[in-house]
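Student: okay, predicted coordinates and the sequence, questions at the end:
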Amino acid sequence: MLPMRTPKLTDDALQQSLKELPDWSVDADGKLHRELRFGDFRAAWGFMSSVAVAAEAADHHPEWFNVYNTVKIWLTTHDSGGLTENDVNLAKEIDKRAKNF
Ligand code: H2B
């Protein structure tokens, strides 16, 4: 048996989801992308720690890059080869947690 993969979002479903994610865009690689800037490294790292807990709980993990107070995030579902509802859900969780830092 093949392992179950989360289905990729249709173009329509993706466009609908993007309406709820105004801070996110789809990059040239088809990944959901957002950049955040915090007051300092402590806040950026605190945010990343918070997202790490959510990502681990969901078993869905971001690609990300941090320098001092900036965090750049890319979301995609590697197992599915594209964007799925798991990426949309994690993006929403990230938006929620970003407000705390
Ligand atoms: N995160 C992301 N972003 N995409 C995946 O396909 C993925 C993941 N797969 N986290 C999970 C872990 C998988 O590798 C494990 C075995 O469940």
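Tutor: That came through fine. Keep in mind that this is a model prediction, so the values were computed, not measured. Numbers count the residues shown, from 1 in each chain.
Student: now do the longest helix along the chain: which elements does it pack against?
Tutor: Scanning the chain for the helix with the most residues, using DSSP state H, yields helix 41-58. With contacts taken as 3 or more CB pairs under 8 Å, 6 or more residues apart in numbering; DSSP states H and E, helix 41-58 sits against strand 63-67, strand 70-75, helix 85-98. For the C-beta atoms, the positions are set from N, CA and C on the backbone; glycine is no exception.
Student: low pLDDT regions in the protein?
Tutor: Scanning the chain with the threshold set as pLDDT under 70 gives 1-3.
Student: what does it have sitting close to the ligand?
Tutor: Taking CB under 6 Å from any ligand atom as the criterion, the chain approaches the ligand at residues 59-61, 77-79.
Student: follow-up on the earlier one: contacts for the longest helix of the chain?
Tutor: 36, 38, 61-62, 64, 66, 68-71, 86, 89-90, 93-94, 97-98, 100-101 (CB atoms under 8 Å, 6 or more residues apart in numbering).
Student: sweet, I'm off.
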